[in-house]
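Undergrad: any chance you can model this:
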Amino acid sequence: MQVIFHIGMPKCASTSLQAHFANNDELYRQSGFLYPVSHRSVKGYRRHQSLLDPGLEPEQAAEDILMEAEASSCNRILLSTEDFISNRSGQFTELTSAFSARLGPDAVSYLCLIREPMAMLRSSYHQFVRAGLWGINRDDFFNKTDGSINAFIEAFLEERGCHWYEYPTLINRAIDGVPAAQLRVWDVDDGTDPIEKLCVLYGLPKGTPTEAMNKRLPQQKIKLLRNFQRDFGQGIYLTNRRALIQKIDLSGLRYTPDQAICDGIDLPSKDLEKRFPDMEKNRTKALAMDNGA
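TA: Okay, here's the model as predicted:
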């Protein structure tokens, strides 16, 4: 039996991966590969977020999942939520330890997906404005800052003690003290579809392709969502978020890259390279952490 924890990063094809394995559930069960229904969200992001619930007993969760695997005659299990890499409650350590105690440490491995740092920043900022990310307090952010992408950089540093692109630091913190047979670190920008790569690695059929999930919003919509939260607060925003995203059409509004920079929705790439010259070095170091066979 083998258990693979897909630990993130956020905004690195996680939602698409989760949707693909959920949508092709029966096909992969027939191949002995389980994306468990146990502790998996039924709607929306079909991830194993509930495995990090404070009241969950890790030993019971492991038992639930292993029983499902046995019932389906599966000897490989994939568990996925981006929050495995950002959770600091100790729940992830307890969960992996529960599986290790049952199966042995060699049965537990980790998969982390990363991407080009500037694309990671922009996508992360958009997702944060839209629905939150990385545990940054949204009330404080929109009440105490100008809500800009630069404020997001500072808030990330304050919350995490490192910059968003310091992938080796973030990965090491996530797996510190947890049983680990293998760590795979893949770059989603290397031209290879991580879902296809995972299927090849485990000898799985491709399955039915899944439509791209969590599509990126245009910058003018991010500006609208940011300003709405600054003006009206989180309570009213959460009540109206779906309508703001789906029903307000800004496609006819001409919004240039220069305007986005002026409004604090983006930063020039040259400025980012100058401020953070070690971005690519961290990306390279993270890929070198891969010890998968």
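Undergrad: what residues does Arg254 make contact with?
TA: Applying Cβ atoms under 8 Å, 6 or more residues apart in numbering to Arg254 gives no contacts. Yep, even glycine has a C-beta here, placed from its N, CA and C like the rest.
Undergrad: that should have said Asp25, apologies.
TA: So Asp25 contacts 35, 37 (Cβ under 8 Å, 6+ apart).
Undergrad: same question for Pro10.
TA: Counting by Cβ under 8 Å, 6+ apart, Pro10 touches 82, 85-86, 124, 127, 133-134.
Undergrad: now those as TSV including secondary structure?
TA: Output for these, formatted as TSV (DSSP: H, G, I helix; E, B strand; the rest coil):
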residue	secondary structure
Glu82	helix
Ile85	coil
Ser86	coil
Ser124	helix
Gln127	helix
Leu133	coil
Trp134	coil
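Undergrad: what is the most widely separated pair among these?
TA: Using Cβ to Cβ, those span at most 14.4 Å, a distance reached by Ile85 and Gln127.
Undergrad: looks to me like Leu183 is in a strand.
TA: Yes. Under three-state DSSP, Leu183 falls within a strand.
Undergrad: for it, which non-adjacent residue is spatially closest?
TA: Tyr110 (4.8 Å; Cβ to Cβ, 6 or more residues apart in numbering).
Undergrad: for the contacts of Pro10, give me TSV that also has distance to Pro105.
TA: Shown next, in TSV, are those (distance: Cβ to Cβ, whole Å):
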residue	distance to Pro105
Glu82	24
Ile85	20
Ser86	23
Ser124	32
Gln127	33
Leu133	31
Trp134	28
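Undergrad: which one of those sits closest to Ala243?
TA: Gln127 (18.8 Å).
Undergrad: and the closest one, how far from Lys11?
TA: 6 Å (Cβ to Cβ, to the nearest Å).
Undergrad: mutual contacts of the two, please.
TA: With Cβ under 8 Å, 6+ apart as the test, Gln127 and Lys11 both reach Leu133.
Undergrad: settle it for me: which of those two has more neighbours?
TA: Taking other Cβ atoms under 10 Å, Gln127 and Lys11 do not tie; Lys11 has more neighbours (25 against 18).
Undergrad: and that one, backbone torsions?
TA: phi 60, psi 30 (degrees, to the nearest 10).
Undergrad: what's near enough to touch it?
TA: 115, 120, 123-124, 127, 133.
Undergrad: can you do 6 Å?
TA: By Cβ atoms under 6 Å, 6 or more residues apart in numbering, the contact list for Lys11 reads 123-124, 127.
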